[in-house]
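Undergrad: structure here, sequence nowhere to be found:
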């Protein structure tokens, strides 16, 4: 009988919620893995910044420090997104509890807002688009407008990176680097293997950019 009902009427509210929550947990694990990988690559890049600073290669140190700033911001963004996934899961549990009383799930502006924000994150965008359409059909969300679904570049990372670079360099090099006007006089003149330093810096930049681009 249950199989016949599912065929005629589709999944029950409880089955729908459990399926959505399973997807949310899966996406949360994806974000966890990416944050761990970001930590690994960022720590490697930090060590390289210190090495470049000790060699007196200020230009390369500043370039790579900018990537460290961007990766830190990306990790923050992933962490916030993971929390949003958890919030949607909790909201769905509340919807299920209400459905057991009223017989149907109700529209939720909170779920819609959280889903909207998550659609902009490339790592979970496809899954959240699919879930949003399913939840719209189930009556939990209003249909989102096309312009809401457009993914915009997060320009804040680039805009704020320049302001943070000096602070990061100061922190990573124990104050040896940080003030653009005094950097050159604060370091000893050391012979630098430009080609080797450039290769090493570019390798970490590519690794970080690969993670940041999702």
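TA: Arrived safely, thanks for sending. As the structure is a prediction and not an experimental result, all values here were calculated from the model.
Undergrad: give the buried residues for stretch 18-32.
TA: Within stretch 18-32, the residues that count as buried by 16 or more other Cβ atoms under 10 Å are 20-21, 23-24, 27-28, 30-31. To be clear about C-beta, it is placed using only N, CA and C from the backbone, and glycine gets the same treatment.
Undergrad: lowest confidence element among the helices and strands of this structure?
TA: Ranked by mean pLDDT, DSSP states H and E, the weakest helix or strand in the chain is helix 146-149, scoring a mean of 45.
Undergrad: ok so, going back, tabulate the buried residues of stretch 18-32 in TSV, adding columns for pLDDT and secondary structure.
TA: Formatted as TSV, these follow (pLDDT from 0 to 100; DSSP: H, G, I helix; E, B strand; the rest coil):
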residue	pLDDT	secondary structure
20	94	helix
21	95	helix
23	96	helix
24	96	helix
27	96	helix
28	97	helix
30	95	helix
31	96	helix
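Undergrad: and the helices in this protein?
TA: In the chain, the segments counted as helices under DSSP state H are 2-9, 13-55, 58-102, 109-119, 125-137, 146-149, 156-172, 194-212.
Undergrad: thought residue 17 was touching residue 92?
TA: Yes. The criterion here is Cβ atoms under 8 Å, and residue 17 meets it with residue 92 at 4.9 Å.
Undergrad: joint contacts of these two?
TA: Residues touching both residue 17 and residue 92 (Cβ atoms under 8 Å, 6 or more residues apart in numbering): there are none.
Undergrad: what's the pLDDT at residue 100?
TA: According to the prediction, residue 100 has pLDDT 80.
Undergrad: then residue 68?
TA: Note on residue 68: pLDDT of 85.
Undergrad: distance of residue 98 from residue 122?
TA: 33 Å (Cβ to Cβ, to the nearest Å).
Undergrad: which one's more surrounded, these two?
TA: Between residue 98 and residue 122, counted using other Cβ atoms under 10 Å, the more crowded position is residue 98 (15 against 10).
Undergrad: with adjacent residues omitted, what lies nearest to that one?
TA: residue 106 (6.0 Å; Cβ to Cβ, 6 or more residues apart in numbering).
Undergrad: flag the shaky bits of the chain, pLDDT-wise.
TA: Low-confidence segments of the chain, defined by pLDDT under 70: 1-10, 144-164, 176-214.
Undergrad: got the contact list for residue 92?
TA: So residue 92 contacts 17, 20-21, 24, 111 (Cβ under 8 Å, 6+ apart).
Undergrad: need these in JSON lines (columns: distance to residue 131).
TA: Compiled in JSON lines, those are given as follows (distance: Cβ to Cβ, whole Å):
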{"residue": "17", "distance to residue 131": "11"}
{"residue": "20", "distance to residue 131": "6"}
{"residue": "21", "distance to residue 131": "10"}
{"residue": "24", "distance to residue 131": "8"}
{"residue": "111", "distance to residue 131": "10"}
